[in-house]
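> Here is a sequence together with a model predicted from it:
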Amino acid sequence: MSSAEAVRATSSALLDKKFAPANRNMAQTLRWLVLFAGGVLMVMPIAYMISTSLKWPHEVYNVNLIPDEPTLDNYLFVLEDGRFYMWFINSGIIATLTTISNLLFDSLVGYTLCKFRFPGRTLVFVAILSTLMIPTEMLVIPWYLMSQSFGWLDSYWGIMFPGLMTGFGTFLMKQFFESVPDDFIEAARIDGLNELQIWWTVAMPLVKPALAALAIFVFLGNWTAFLWPLIVTNSTEMYTIPVGLSGFGDEADVAWELIMTGAAISTIPTLIVFLIFQRFIIRGVVMAGLKG
Amino acid sequence: MANLALRNLVKTYGQTEVLHSISLDVEDGEFVVFVGPSGCGKSTTLRLIAGLEEVSSGAIMIGDREVNNLEPKERDIAMVFQNYAIYPHMTVKKNIAFGLRSSKASKVDKEARIQEVAGILDMVELLDRKPSQLSGGQRQRVAIGRAMVRDPAVFLFDEPLSNLDAQLRTQMRLEIKKLHQRVGNTIVFVTHDQVEAMTMADRIVVMKDGHIQQVGTPEEVYHSPANSFVARFIGAPSMNLLPAELSAEGLTLAGKVLDAGRWAASPVGKVLLGVRPNDLYIDEIRPLFEGRVSLREPLGSETLIYVETEHGEVIARADGRMPPEVGATIGLGARTEDLHLFDAASGVSLS
Ligand SMILES: Nc1ncnc2c1ncn2[C@@H]1O[C@H](COP(=O)(O)OP(=O)(O)OP(=O)(O)O)[C@@H](O)[C@H]1O
Ligand SMILES: [Mg+2]
């Protein structure tokens, strides 16, 4: 997503330079070329994923995009393997619960940091922000030790707990609550709502676009999370899709065609989530445009 | 319904005191307007009454209760904000119903109340719309409806009309005044527009720098301003203030000595002579001052003329059909009863 934005930024920067009318077409062509290159860059991995999922094992290492002998065998194999459904459900439960948790708690903390003055507010905010600077790779060992001593290894809770709230989500929500005028909150206070009700009935509906964006981020992030679920789980029943898929094949050979097949199937829920929440984002923009 | 009293109200933010011991009694059913320049503490006073800010010292009484430590919802007040603060994600009806959330009334009674309020504000057919589908004036009415629906003891308005265009503002001004006559609740209304204050108020409270300058009916603050600040703030165009001196001989105005008249007994010293532009008339025989017309502002029925005198610029009103030419030298006179004198140092009226 960010590389696409970068491409667009570059191309519009190119256009902004005042081209003489004669150069107008050149500029247009250049713009399309840059966008096209960006598009290809984005689509290629997905195209290869689908292409590989349609190949026989012996053809996997051929770079051709169109399989010589396309087959749906891989799909049959993956779908007949009962474990795949198990992982699918695991991932679904974990990503959904984590998303709900983030929507609730990130916005609750973000709202508090944004709309209340209390001693230590800045300190708390800086502390939350600073968690963004620590890479996951550095955290997995403390997380693991913690899970071990609490007995959380190989459980849903163990997989989920590090991501139930995120510094990024809190920051995002805080920034969005800045755009909610204080008057709304004060009006609700006068109307007799308590602070929790104000957050829920007044502030939250006004930041729906941000919530939708956060939901997409968190869901995708957890659906595709690999490192931590790999470390914290032991039993096949607890695997998430990425962890489970990576185990396809045997020691000697990684079965890429099966992994790609599983990956292709597992993009479907992420597409659905995106399609559902994206509408809120667009509607949010429209609503803001109408307010005058 | 209830009266409202402020007793030595002080508000400080950190080290800065922004309200200095404000005291005021508002009668039950009275329409009081706070007016003053930007930053004088009008909103702060209103927010203290509403309970949105904590009082630093002093007391606020609504009815016979001291409400200092009560939550806004327990104070039996309702507030209308400058930018309406109606919730964009709710329909007009839900917005109005929001004011009833904490009420214990039955569903049927609430519904009836909503319809009644919508009827009074003439927006029954708007109930199912979203705020984004309303005009500015309609949004303001929704905000008033949400405040009205609870029938609070005191209505608080913080510059509710300043986001509307001039014509709508005049219309809403009238509507709010009519509404007050109809429902009769106590109203505290904040504005920085002295015309709004004059037209709507039973009593005007003029504020400056966190102090009350004068409390009085529109006629009182206009005809007997307590000090030179009120004199200049109320009335448009502003009252002319000219340096003069009060002495044993009389009132000296740029070398000319006038009869001290009703100020004969006032302490002598430097003073400011105040006269409103519409109390000045062209008088070539015994002019108060003379000067050259430097600018004309036609307003239709009348024309404002800016006259350069030896005391400084003076604004006067002239007949719109035959105003003096720019560049002409004219004399201006005024009746003694239309003159005001203020102490030059303190600004306090000497009347
Ligand atoms: N939260 C705050 N912290 C510090 N100072 C404040 C705060 N709120 C208001 N003030 C100060 O208090 C003074 C009075 O502000 P207030 O908002 O009451 O003015 P006002 O009369 O309503 O002006 P306006 O006509 O511009 O709305 C101002 O000098 C303002 O800077
Ligand atoms: Mg204000």
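Ah, there it is. Since this is a predicted model, take the numbers as computed values, not measurements. Numbering: from 1, shown residues only, chains lettered A, B, ... in the order given. Ligands and ions are numbered 1, 2, ... in the order given.

> Below-threshold pLDDT in the chain: ranges please.
Using chain A here. In the prediction, chain A carries residues with pLDDT under 70 at positions A:1-22, A:249-252, A:282-292.

> Actually, chain B is the one I wanted.
Judged by pLDDT under 70, the stretches of chain B that qualify are B:1.

> make it 80
By pLDDT under 80, the weakly predicted segments of chain B are B:1-2, B:102-103, B:254-261, B:264-265, B:351.

> how about the residues of it near ligand 1?
Counting by C-beta under 6 Å from any ligand atom, the residues of chain B lying close to ligand 1 are B:13, B:18, B:36, B:38-44, B:192. (Each C-beta comes from the backbone N, C-alpha and C, glycine too.)

> could those residues go into JSON lines alongside distance to B:Gln133?
As requested, these are exported to JSON lines (distance: C-beta to C-beta, whole Å):
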{"residue": "B:Tyr13", "distance to B:Gln133": "39"}
{"residue": "B:Val18", "distance to B:Gln133": "39"}
{"residue": "B:Gly36", "distance to B:Gln133": "36"}
{"residue": "B:Ser38", "distance to B:Gln133": "33"}
{"residue": "B:Gly39", "distance to B:Gln133": "36"}
{"residue": "B:Cys40", "distance to B:Gln133": "37"}
{"residue": "B:Gly41", "distance to B:Gln133": "37"}
{"residue": "B:Lys42", "distance to B:Gln133": "32"}
{"residue": "B:Ser43", "distance to B:Gln133": "29"}
{"residue": "B:Thr44", "distance to B:Gln133": "34"}
{"residue": "B:His192", "distance to B:Gln133": "30"}
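
> okay if I get those residues as CSV plus secondary structure and neighbour count?
CSV is the format used below for these (DSSP: H, G, I helix; E, B strand; the rest coil; neighbours: other C-beta atoms under 10 Å in any protein chain shown):
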residue, secondary structure, neighbour count
B:Tyr13, strand, 11
B:Val18, strand, 16
B:Gly36, coil, 26
B:Ser38, coil, 7
B:Gly39, coil, 13
B:Cys40, coil, 23
B:Gly41, coil, 23
B:Lys42, helix, 25
B:Ser43, helix, 18
B:Thr44, helix, 21
B:His192, coil, 18
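
> Between all of the residues you listed, which two are separated the most?
When these are compared pair by pair using C-beta to C-beta, the farthest-apart members prove to be B:Tyr13 and B:His192, with a separation of 20.2 Å.

> And the helix or strand where A:Thr29 lies, what does it pack against?
Following DSSP states H and E, one finds A:Thr29 within helix A:24-53. For helix A:24-53, the elements it packs on are helix A:2-16, helix A:256-290, judged by 3 or more C-beta pairs under 8 Å, 6 or more residues apart in numbering or on different chains; DSSP states H and E.

> what's the spacing between the residue of the stretch 151-300 of chain B found nearest chain A and B:Arg169?
In the stretch 151-300 of chain B, the residue found nearest to chain A is B:Leu156; the distance is 8.6 Å by C-beta to the nearest C-beta. Distance of B:Leu156 to B:Arg169, computed by C-beta to C-beta, to the nearest Å: 19 Å.

> Settle it for me: which of the two has more neighbours?
Under the criterion of other C-beta atoms under 10 Å in any protein chain shown, the comparison of B:Leu156 against B:Arg169 puts B:Leu156 first, with 26 against 20.

> so the more buried one makes contact with B:Ile49?
Yes: in terms of C-beta atoms under 8 Å, B:Leu156 counts as a neighbour of B:Ile49; the distance is 6.1 Å.

> Overlap of the contact sets of the two?
In terms of C-beta atoms under 8 Å, 6 or more residues apart in numbering or on different chains, B:Leu156 and B:Ile49 are both contacted by the residues B:77, B:188.

> quick check, A:Leu132 in a strand?
No: applying DSSP: H, G, I helix; E, B strand; the rest coil, one finds A:Leu132 to be helix, outside a strand.

> ok, and the closest non-adjacent residue to it?
On the basis of C-beta to C-beta, 6 or more residues apart in numbering or on different chains, the spatially nearest residue to A:Leu132 that is not a chain neighbour turns out to be A:Gly167, at 4.7 Å.

> residues contacting that neighbour?
The neighbours of A:Gly167, taking C-beta under 8 Å, 6+ apart as the test, are A:128-132.

> Look up which helix or strand residue 187 falls in, please.
This is for chain A. Using DSSP H and E, A:Ala187 sits within helix A:182-190.

> My question was about chain B, not that one.
strand B:186-191.

> What segments of the stretch 201-350 of chain B are strands?
Counting by DSSP state E, counting those that start in this stretch, the stretch 201-350 of chain B has strands at residues B:203-208, B:211-216, B:240-246, B:251-253, B:256-258, B:269-275, B:281-282, B:289-298, B:302-309, B:312-319, B:329-333, B:340-343.

> The stretch 51-200 of chain B: strands as residue ranges?
Under the criterion DSSP E, counting those that start in this stretch, the stretch 51-200 of chain B contains strands at B:57-62, B:65-66, B:77-80, B:154-158, B:186-191.
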